[in-house]
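Participant: model this:
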Amino acid sequence: MLRQWLTSATRYFWRPLAESLRKFRTWRELIKAKEEIRQARGFTLLREWLSPAQKAQFDSAGCFVVIGCHSGRRYRIHRGTAGNVYEIDDAGRLVTGLCFVPSAALVAGDVMLAQKIALETNERAALAVANRFPVPAAAGER
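Facilitator: Numbering: from 1, shown residues only. Below you'll find the model as predicted:
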């Protein structure tokens with residue numbers, strides 16, 4: 001009798017738990033799909049703002065070069081949301097890393113677009129708020 005009671009109690013306990021787990025997995029997949037759509041829309045908008053040369057660079061290497069409006073320095077913006085901007089020299093070697101992002105939480109494509117526009121239209125203001133970080137010696141060869 002005790003065995004029968006334990007079996008039915010276990011079923012009674014596990015059914016709602018399994019159903020909750022199924023609902024959680026469905027919810028998690030929905031959130032993941034929405035995030036993928038947001039990311040894709042961000043990169044679509046970024047690509048609309050890239051010049052043909054920048055678009056070709058982005059398609060082949062996942063990064064593109066912008067030229068600062070005040071100094072004429074070249075910056076390489078890599079795919080990402082923080083610590084993804086590098087000043088480069090004439091040979092294309094990384095000189096220093098820059099970290100500056102919008103204050104709102106945005107997807108990678110939107111952050112990269114904001115960084116591009118900031119460097120091309122108001123380089124001094126972007127550099128004034130940017131945190132600089134050293135580039136490892138091996139990374140300078142990129």
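
Participant: Just checking the distance from whichever helix or strand residue 8 is part of to the centre of its chain.
Facilitator: Taking DSSP states H and E as the criterion, residue 8 maps to helix 2-49. Offset of helix 2-49 from its chain centre (Cα atoms, centre = their mean, to the nearest Å): 24 Å.

Participant: name the helices or strands packed onto that helix?
Facilitator: helix 52-61, helix 108-121 (3 or more Cβ pairs under 8 Å, 6 or more residues apart in numbering; DSSP states H and E). Heads up, the C-betas are built off the backbone N, CA and C, glycines and all.

Participant: out of those helices, nearest to residue 93?
Facilitator: helix 52-61 (14.8 Å; Cβ to Cβ).

Participant: Return the closest one as PDB; C-alpha atoms alone will do.
Facilitator: The C-alpha coordinates for helix 52-61 follow below in PDB (Å, rounded to 0.1, in the frame of the first residue of the first chain):
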ATOM      1  CA  PRO A  52      30.900  50.300 -50.100                       C
ATOM      2  CA  ALA A  53      34.500  49.900 -49.000                       C
ATOM      3  CA  GLN A  54      33.500  49.600 -45.300                       C
ATOM      4  CA  LYS A  55      30.800  47.100 -46.300                       C
ATOM      5  CA  ALA A  56      33.400  44.900 -48.100                       C
ATOM      6  CA  GLN A  57      35.800  45.100 -45.200                       C
ATOM      7  CA  PHE A  58      33.000  44.100 -42.800                       C
ATOM      8  CA  ASP A  59      31.800  41.200 -44.900                       C
ATOM      9  CA  SER A  60      35.300  39.800 -45.300                       C
ATOM     10  CA  ALA A  61      36.900  40.500 -41.900                       C
END
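
Participant: Mind checking what helix or strand follows that helix in sequence?
Facilitator: strand 63-67.

Participant: heading toward the C-terminus, what's the first helix or strand past that next one?
Facilitator: With DSSP H and E, the next secondary element past strand 63-67 is strand 74-78.

Participant: List of residues touching that next one?
Facilitator: 62-68, 84-90, 94, 98, 112, 115-116, 119 (Cβ atoms under 8 Å, 6 or more residues apart in numbering).
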